[in-house]
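**Student:** Got a predicted structure here, sequence first:
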Amino acid sequence: MAFLEELGRTLTGTGKEMAEKARVLTETLQLKTQISGEKTKMEEAYAVIGKLYYDSCQEPGPEYEKAFKMVKSSRERIAALEIELSRSEGSHICAECGARVPKDSLFCGKCGAPIKEESVEEEKSEEDTVVLVEEPGLIQQVEEGDFVS
């Protein structure tokens, strides 16, 4: 009987230790999750601040010039890719709000603007000129039709 009682005490003690370790681990994970959440909120706030600064700044200082060029290049590339995507899907891009509109629509479903057949062609003519492709430390001019990896 003494053996069983000793075994019982050992199991009870081990169980309590495991429960305490699980509690500490749970608290640690909760705190790390909260810290991660706050860091995400902070990064989102930084992004909002940066976007507001970008939108309000006419002439960036020299320390922001490279970042401004990267944003402009990315916006141009996204616009070109969205036009290409809309063509492959058989749709138009609304000239007023930029929403994707089915090809047979006469009006934009988002803003209500009439869809002109030439709106895609106007966007194409803007896209056909020159696109800046920026990679870390490198800016290239790429003519339409050139492939950049």
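**Tutor:** That came through fine. Numbers count the residues shown, from 1 in each chain.

**Student:** ok now the strand or helix carrying residue 79, how far from the chain's centre?
**Tutor:** Taking DSSP states H and E as the criterion, residue 79 maps to helix 62-89. Distance, stretch centre to chain centre, for helix 62-89: 13 Å (Cα atoms, centre = their mean, to the nearest Å).

**Student:** Angles on the backbone of the nearest residue to residue 113 once chain neighbours are set aside, please.
**Tutor:** Spatial nearest neighbour of residue 113, chain neighbours left out: residue 96 (3.9 Å); criterion: Cβ to Cβ, 6 or more residues apart in numbering. (C-beta placed from N, C-alpha, C; glycine too.) Dihedral pair for residue 96: phi -90, psi -50, per degrees, to the nearest 10.

**Student:** quick one, strands of this structure?
**Tutor:** Ranges of strands within the chain are 91-93, 100-102, 130-135, 138-143, based on DSSP state E.

**Student:** how near is residue 74 to residue 7?
**Tutor:** 67 Å (Cβ to Cβ, to the nearest Å).

**Student:** which of those two has more neighbours?
**Tutor:** The neighbour comparison of residue 74 against residue 7 (other Cβ atoms under 10 Å) goes to residue 74, with 13 against 10.

**Student:** Now do residue 111: how many residues are near it, please.
**Tutor:** Residue 111, neighbours per other Cβ under 10 Å, totals 13.

**Student:** State whether it and residue 101 are indeed in contact, as I suppose.
**Tutor:** No: contact criterion Cβ atoms under 8 Å: residue 111 and residue 101 do not qualify, at 9.8 Å.
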